[in-house]
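Engineer: would you be able to build a 3D model of this:
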Amino acid sequence: MQILQEINIVIYILIILQIIFLVFLIFLTAKLDSIQQQYKKFMKPNNLDMEELLESYAEDVKITKNETLLIKQVIEELREKFKTTCRKVSVTRYKAIADVGSDLSFVIALLDDQNDGVILNGIYSRDGSYTYAKPIVNGKCKYRLSAEEAVTLEEAIMKD
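Structural biologist: Numbering: from 1, shown residues only. From the prediction side, this is the model:
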């Protein structure tokens, strides 16, 4: 009889353990279902497949990288061309002839980054207006410069 009671106790304990495991299994199943719903929601936002979306983004990044390299190349070409454009400009107005009106004569210096360019001198007189050009190479002129031309050239060279 004692053995029968011990067997009944073991059976009750096993039944209680099965009920506990069943409740735990139900809890885990509900938790797994919740996680699966979140996963599906994450993997297919707005009915999009996440893998397709990531592939699309990777392709966009590749295209953007190629476009960026092309833009960098164009910028470098523009920088090289920009070196030979007239960026340094200086203008001086002056009175070339003492007895003629106001300061209608002018000197314009047009230089690039290497200080190559031209000096334009426009001289106004009662008889007419005359314009002269003198080439500038490395900030120097092989022709004699007037005081106004020399000052204007120096001002242009000093500009950055």
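Engineer: quick one: name whatever helix or strand follows the helix or strand residue 16 falls within.
Structural biologist: Residue 16 is part of helix 2-43 when elements are defined by DSSP states H and E. Using DSSP H and E, the helix or strand that follows helix 2-43 towards the C-terminus is helix 50-82.
Engineer: quick one: that following helix to chain centroid distance?
Structural biologist: Once both centres are worked out by C-alpha atoms, centre = their mean, to the nearest Å, helix 50-82 turns out to sit 11 Å from its chain's centre.
Engineer: list the buried ones in the helix or strand just after it?
Structural biologist: Using DSSP H and E, the next helix or strand after helix 50-82 towards the C-terminus is strand 88-94. By neighbour count on 16 or more other C-beta atoms under 10 Å, the buried set for strand 88-94 is 88, 90, 92, 94. Using the backbone N, CA and C atoms, a C-beta is placed for each residue, glycine as well.
Engineer: adjacent strands (with direction) for strand 88-94?
Structural biologist: Note on strand 88-94: by DSSP bridges, its sheet partners are strand 105-111 (antiparallel).
Engineer: can you name the next helix or strand after the partner strand?
Structural biologist: Next along from strand 105-111, by DSSP H and E: strand 117-124.
Engineer: much appreciated, bye for now.
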